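[1] Kindly return the folded structure for what I paste below:
(2 chains)
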Protein chains: 2
Amino acid sequence: MYERYWQQAGDKTSLLISGWHSMSYFSDIKNLCWFLEPQFAKEVIRLHDIVGNAVTKDRHIVVGTGSTQLFQAALYALSSPGGTKPISVVSSTPYYSFYRQVVEYLKSGLYTWAGDAAIFDKDEPYIELITSPNNPDGFMRQPIVNRSGGMLIHDFAYYWPQYTPITSPADHEIMLFTVSKTTGHAGMRIGWAIVKDKEVAKRMTKFIELNSIGVSKDSQLRAAKILQAVSDSCEPAGDSRNFFETSYHHVAHRWQQLRKAVEESRLFSTPEFPAAFCNYTGRLFSTQPAFAWLKCKDEIENCEDFLRSHKILTRSGKHFGMSLKFVRISMLDRDSNFDLFIK
Amino acid sequence: MYERYWQQAGDKTSLLISGWHSMSYFSDIKNLCWFLEPQFAKEVIRLHDIVGNAVTKDRHIVVGTGSTQLFQAALYALSSPGGTKPISVVSSTPYYSFYRQVVEYLKSGLYTWAGDAAIFDKDEPYIELITSPNNPDGFMRQPIVNRSGGMLIHDFAYYWPQYTPITSPADHEIMLFTVSKTTGHAGMRIGWAIVKDKEVAKRMTKFIELNSIGVSKDSQLRAAKILQAVSDSCEPAGDSRNFFETSYHHVAHRWQQLRKAVEESRLFSTPEFPAAFCNYTGRLFSTQPAFAWLKCKDEIENCEDFLRSHKILTRSGKHFGMSLKFVRISMLDRDSNFDLFIK
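    Now for the predicted structure:
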């Protein structure tokens, strides 16, 4: 969906990198996160300050190979290597399907998947994952276990003004962001964490050292260039169209198309979101998520199968801890694919 | 060490990447490794065919965020998710210090560190890691356990003609390579695996999907450009200095300097390597490793401490499963640092 914006933005977002540049493992040996490119960190902070979606003052930035790697770094940082048993990891249903797979695939002795946060009742330390707006259903979320010994990881991949009203700067222990959902550059594999506690940031950095000895310099430099273009487009005197405004209208139009199609079909329903005032855009609007969380009405039992029979590929609700009546559908495909889907 | 070559190579190794390029998670959905850039794969195969250091015909290429990620992907692919206990991972001492840390850090239930391959005597499946030439000591290696149920991971990071004679194309189940040791571009975080078995390649790909949802497109494209320049420099009609010849002479000169300094000091010893005929260069020579494996003579007990007191930072033999009398020293630093070290 974002490809068109970047095509129109033209050459000022191109990166030229010489054969002898950025050859070292190291980016900044004085930084706790020694593989973090200073230019990337600078643009991350600048963008958060412009949008007002996260507190960055006196925080540590840790860069990752996408927020997927950072999520695992956070699990590593919050779990106890000397513990007698793995710490429970929970998230309210419907939860991001990947979380469960990522927690489970290495059968780690540090952490274990404990399922739906709403029914977690063990009297022991735990890690709760809060995705807000939530993937897959788009609702804003708060932690729900709220017991002592709880540690929180906030996934703010979608807390940007093209998707949801920015109501206040988020301020939590570990906050994850990703270029892929901010600007559409999924292929860069660049995410970042904003971390309050120095020791946690150090352990996250250690994880990324052990997991991949740092993060691509080339993609960090390219991400810096792209984030810079986004911030520049937000300046009143800028000569580019405001990235978030342009993207907001793009997503809004898609949701109008989808809601109309859903209504006419009489086969499905989609969530309704409350309106809120966005401090960044100065606009009152309702969340318009990057995914549609579609529920089939009575007659259809397996929504994924039903849609597949119409050549529409979706992800079944079962992967998100919900029933087969639900599916998740990307709202961020290219225009031609999206229009075909609506049709 | 390689920086100078790339500076002199000039603009033909520069990468220009536009803001709208390579935005997707996907590179080639028809490929088993769906995040592998076709251009990168093509240049990997071309380079191996020129150098003759690995068989690529009818093999699968899996790209990784450095060979560190691929090593973990291989462990995941070779271990059994339904197994009742973790599979033993062994390597002969001295082994690459990072291996042990990477096997252990997540306390995986899939695999467990079982130490020195030379004394492994369990009658059960195992994974043996073979680094050849070996990190840290530079010797060529073969598997040594040789028992049924054994699975092998060959790390060929240093099997390139600037370091060691290329005696035949390597042909094993899983062979790991990395741009960092081939061309010096550590900051790219790009490695590749050449894999015989399709199911193993699939599981390695799955690991990388779960670990980081693929590998930076930007770095793959840049690596393709760099490998292309290396291959071009190897063509008889090329207008660049042959990369491997230039690098061979650079490393050879450093080893001469080091051996002279070691001899004059009377405090240390370094390994001696047998000569072999290199099919690529047509030259008879001895391995000249990327690391020096230095042993202190009688009076010095802790070689790392001794050298640190002279402001030389090394890695103690203890990390490689050996005594404090050994240290590993990088031979690939910039000229100015290397000259200071020799002095």
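[2] CA atoms for contacts and neighbours, from now on please.
    Fine.
[3] what's the spacing between stretch A:93-101 and its chain's center?
    The chain centroid and the centroid of stretch A:93-101 are separated by 13 Å, computed with CA atoms, centre = their mean, to the nearest Å.
[4] Please enumerate residues in contact with it?
    A:113, A:115-118, A:134-137, A:317, A:319-322, B:210 (CA atoms under 8 Å, 6 or more residues apart in numbering or on different chains).
[5] Go through these and flag which are in strands.
    Judged by DSSP state E, the contacts of stretch A:93-101 include A:113, A:115, A:116 as members of strands.
[6] Using CSV, lay out those together with neighbour count and pLDDT.
    Listed next are these as CSV, based on neighbours: other CA atoms under 10 Å in any protein chain shown; pLDDT from 0 to 100:
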residue, neighbour count, pLDDT
A:113, 20, 97
A:115, 18, 95
A:116, 16, 96
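[7] Helices along the stretch 201-343 of chain A, start to end?
    A:217-234, A:243-265, A:303-308, A:335-342 (DSSP state H, counting those that start in this stretch).
[8] Buried deepest among those, which one?
    Sort the helices of the stretch 201-343 of chain A by mean neighbour count, taking mean count of other CA atoms under 10 Å in any protein chain shown, and helix A:217-234 sits at the top with a mean of 23.
[9] Closest one to residue B:331 out of the ones in strands among the contacts of stretch A:93-101, please.
    residue A:113 (44.5 Å; CA to CA).
[10] tell me which residues form a beta bridge with the closest one?
    residue A:89 (DSSP bridges).
[11] Surely it touches residue A:89?
    Yes: with contacts counted by CA atoms under 8 Å, residue A:113 reaches residue A:89, the gap being 5.0 Å.
[12] Measure how buried residue A:57 is and give me the count.
    10 (other CA atoms under 10 Å in any protein chain shown).
[13] just residue A:140 next, same as before
    16.
[14] now residue A:150
    When neighbours are counted by other CA under 10 Å, residue A:150 registers 15.
[15] For it, give me its contacts.
    A:125, A:126, A:127, A:128.
[16] which two from these end up farthest apart in space?
    Maximum distance among those (CA to CA): 10.0 Å, for A:125 and A:128.
[17] just to revisit the earlier point, shared neighbours, residue A:113 and residue A:89?
    Common neighbours of residue A:113 and residue A:89 (CA under 8 Å, 6+ apart) are residue A:103.
[18] how close does residue A:272 sit to residue A:292?
    11 Å (CA to CA, to the nearest Å).
[19] For those two, indicate the residue with more neighbours.
    Between residue A:272 and residue A:292, counted using other CA under 10 Å, residue A:292 has the larger neighbour count: 21 against 11.
[20] Find the closest residue to chain B in the stretch 201-343 of chain A.
    residue A:216 (4.9 Å; CA to the nearest CA).
[21] Now for the nearest residue to that residue once chain neighbours are set aside, how many residues are close by?
    Excluding the flanking residues, the one nearest residue A:216 by CA to CA, 6 or more residues apart in numbering or on different chains is residue B:188, at 4.9 Å. When neighbours are counted by other CA under 10 Å, residue B:188 registers 28.
[22] So which residues of chain A form strands?
    Here chain A has its strands, by DSSP E, at A:15-17, A:60-65, A:87-91, A:111-116, A:126-131, A:150-155, A:174-178, A:190-195, A:268-269, A:275-278, A:283-286, A:291-296, A:315-316, A:326-330.
[23] so which of the ones you listed gets nearest residue B:48?
    Nearest to residue B:48, of these and by CA to CA, is strand A:15-17 at 25.2 Å.
[24] May I have the strands that pair with the closest one, each with its orientation?
    strand B:15-17 (antiparallel).
[25] before we move on, the earlier item: put together a markdown table for the strands of chain A, with distance to residue A:45 on each row.
    Below are the strands of chain A laid out as a markdown table (distance: least, CA to CA, whole Å):
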| stretch | distance to residue A:45 |
| --- | --- |
| strand A:15-17 | 20 |
| strand A:60-65 | 9 |
| strand A:87-91 | 28 |
| strand A:111-116 | 31 |
| strand A:126-131 | 21 |
| strand A:150-155 | 17 |
| strand A:174-178 | 12 |
| strand A:190-195 | 10 |
| strand A:268-269 | 39 |
| strand A:275-278 | 20 |
| strand A:283-286 | 23 |
| strand A:291-296 | 27 |
| strand A:315-316 | 34 |
| strand A:326-330 | 28 |
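[26] Now for the contacts of stretch A:93-101: which two are most distant?
    Maximum pairwise distance among those (CA to CA): 25.5 Å, between A:118 and B:210.
[27] Looking at those two, which is more packed in?
    Remark: of residue A:118 and residue B:210, residue B:210 carries more neighbours, 20 against 13, as counted by other CA under 10 Å.
[28] quick one: the residue nearest to that one when sequence neighbours are not counted from residue A:2, how far?
    Spatially, and ignoring its direct neighbours in sequence, residue B:210 is nearest to residue A:102 (5.9 Å; CA to CA, 6+ apart). From residue A:102 across to residue A:2, the span is 27 Å (CA to CA).
[29] And for residue A:168?
    Applying CA to CA to residue A:168 and residue A:2 gives a distance of 25 Å.
[30] So between these two, which is more surrounded?
    For residue A:168 and residue A:2, the more surrounded residue by other CA under 10 Å is residue A:2, and the numbers stand at 21 against 14.
[31] beta partners for the nearest residue to residue A:285 once chain neighbours are set aside?
    Closest residue in space to residue A:285, ignoring its immediate chain neighbours: residue A:275 at 4.8 Å, by CA to CA, 6+ apart. On the basis of DSSP bridges, residue A:275 is bridged to residue A:286.
[32] Touching, residue A:275 and residue A:288? I think so.
    No: the pair residue A:275 / residue A:288 is not scored as a contact, 10.3 Å apart, by CA under 8 Å.
[33] of those two, who's got more company?
    When residue A:275 and residue A:288 are compared for neighbours, residue A:288 comes out ahead with 25 against 13, by other CA under 10 Å.
[34] Just give the number of residues close to residue A:155.
    22.
[35] likewise the one 4 residues further on?
    Residue neighbour count, defined by other CA under 10 Å, stands at 26 for residue A:159.
[36] Please apply the same query to the one 4 residues further on.
    With neighbours defined by other CA under 10 Å, the count for residue A:163 comes to 24.
[37] Next one: residue A:77 from chain B, what distance?
    Counting by CA to the nearest CA, to the nearest Å, the separation of residue A:77 from chain B is 11 Å.
[38] Equivalent analysis for residue A:137, please.
    21 Å.
[39] so what's that residue closest to, chain neighbours aside?
    Per CA to CA, 6+ apart, closest to residue A:137 is residue A:293, 5.1 Å.
[40] Which residues are in contact with residue A:292?
    A:136, A:137, A:138, A:270, A:328, A:329, A:330, A:331.
[41] Please apply the same query to residue A:317.
    By CA under 8 Å, 6+ apart, residue A:317 lies in contact with A:94, A:323, A:324, A:325, A:326, A:327, A:328.
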